[in-house]
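Asks: next input, structure requested:
(one chain, ligands or ions: 1)
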Amino acid sequence: MWSAGLSLQSRCRHRKEFTLNPRRLSVNRQFMLLGALFDFNDMHTSFLKLIFITFLLIAAIVRPTWACADFYTKLPDVSKDLCLQAQLKPSGARSVQGRSILVRDITPPDVHRRVLVLAAMHGDEFSAASVALHWLQMANAAPVRTHWRFIPVLNPDGLLRQPAQRMNAHGVDLNRNFPTPNWQRETKIYWEKLTRRDPRRWPGRAPLSEPEAKYLFDEIGRFQPDVIVSIHAPYGVLDFDGPVMPPTRLGRLYLDQVGVFPGSLGNYSGVQRGVPVVTVELPSALRAPIASEMSKMWRDLLTWMDKTLPPDEISAAPTLARLPKSVQQR
Ligand SMILES: [Zn+2]
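Replies: All right, here's what the predicted structure looks like:
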């Protein structure tokens, strides 16, 4: 049988991992364990084998619920109910450590606009994921002719690490891992000269080297959003990249365009592709804004979208058509 080549030592290693924390096992490892189970000479009864197999299958099936339970306790102002009501589903993509990147679509019958909302690209920005889950609830209550796609935690490994970290499990700043012009040269200069080799801002070895960044890149290609909203913390401002008029404020956050960075999502999507990116920088990474502020930000976002990207005027044509010529020719 295919697992026969496993050494006793490696079997024990798998068994130990299973005993310690079954939730952390990837589906691949769970199937490896299935194979290993049949080789256990000390487990003769079919009944025990059946219990183990059933347990593993259940673990694979209900993992999204567990993932929700994993992270809701870390997020400020997020109850278990709010997280479960979000009905996040596995996107099919996984983080470096094998965690599902969860997603939720809200699709009303008369869709005239597609908006992608993502948060916790930086794993230590807990409040960003909180706001995404609260906004998801608001979108669900009133989708306003918009197809919403929410990715509340793009970097689950960074968020669930103890302590949480900005980067993914490879130590890469995902917001510097997107393919922008002269990536190798520009990110090298940026990281070595401007950040003085700050490990929190390491762009990685190559653009899209990280599964989380690659997933978002692919998702943008598949979903073709008219707007991307990327939630961060803790700088307390509103940033914007794109070929349309930016929002001047969302709630108490005022527009303050901080510049364009090599490898950033704003640069890749807003500048290169012409798909506007609204970057929300909440004032605290640990505390979520109060409920009335989250509602005000949401209403301001919808008002800006209605004014700038009215649903009736968005055609099926690629968003690139709205780009200035100079940008299209790059
Ligand atoms: Zn951030």
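Asks: nearest spatial neighbour of the residue of the stretch 1-150 of the chain found nearest the ion, chain-adjacent residues omitted?
Replies: At 3.6 Å from the ion, residue 122 is the closest residue in the stretch 1-150 of the chain, using CB to the ion. Where C-beta positions appear, they are placed from N, C-alpha and C, glycine not excepted. Leaving aside its sequence neighbours, residue 122 sits nearest to residue 166 (CB to CB, 6 or more residues apart in numbering; 4.4 Å).
Asks: show me what from the chain comes close to the ion.
Replies: By CB under 5 Å from the ion, the residues of the chain that approach the ion are 122, 232.
Asks: may I ask which helix or strand of the chain has the lowest mean pLDDT?
Replies: The helix or strand of the chain with the lowest confidence, counting by mean pLDDT, DSSP states H and E, is helix 325-328 at a mean of 32.
Asks: circling back to that earlier point, surely the residue nearest to residue 122 touches residue 158?
Replies: Yes: with contact defined as CB atoms under 8 Å, residue 166 counts as touching residue 158 (6.4 Å).
Asks: what do the two both touch?
Replies: Taking CB atoms under 8 Å, 6 or more residues apart in numbering as the criterion, residue 166 and residue 158 both touch 122, 123, 124.
Asks: highest neighbour count among the residues you listed?
Replies: Within those, most neighbours by other CB atoms under 10 Å means residue 123, with 28 neighbours.
Asks: residue 213: which of the shared contacts of residue 166 and residue 158 is nearest?
Replies: residue 122 (12.3 Å; CB to CB).
Asks: help me confirm that the closest one comes into contact with residue 175.
Replies: Yes: Residue 122 lies in contact with residue 175 (CB under 8 Å); the separation is 6.9 Å.
Asks: what residues sit buried inside stretch 259-273?
Replies: Buried residues in stretch 259-273, counted by 16 or more other CB atoms under 10 Å: 261-273.
Asks: just the ones of these in helices?
Replies: In this view, the buried residues of stretch 259-273 that belong to helices under DSSP state H are residue 265.
Asks: just put the buried residues of stretch 259-273 in JSON lines and tack on pLDDT.
Replies: Below are those laid out as JSON lines (pLDDT from 0 to 100):
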{"residue": "261", "pLDDT": "95"}
{"residue": "262", "pLDDT": "97"}
{"residue": "263", "pLDDT": "98"}
{"residue": "264", "pLDDT": "98"}
{"residue": "265", "pLDDT": "98"}
{"residue": "266", "pLDDT": "97"}
{"residue": "267", "pLDDT": "97"}
{"residue": "268", "pLDDT": "98"}
{"residue": "269", "pLDDT": "98"}
{"residue": "270", "pLDDT": "97"}
{"residue": "271", "pLDDT": "96"}
{"residue": "272", "pLDDT": "96"}
{"residue": "273", "pLDDT": "96"}
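Asks: mind putting the buried residues of stretch 259-273 into CSV with distance to residue 97?
Replies: CSV is the format used below for the buried residues of stretch 259-273 (distance: CB to CB, whole Å):
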residue, distance to residue 97
261, 26
262, 26
263, 22
264, 24
265, 22
266, 27
267, 27
268, 24
269, 26
270, 30
271, 31
272, 30
273, 29
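Asks: nearest to residue 310 among the buried residues of stretch 259-273?
Replies: Using CB to CB, the shortest approach to residue 310 within the buried residues of stretch 259-273 belongs to residue 270, at 19.6 Å.
Asks: please consider this matter closed, and thank you.
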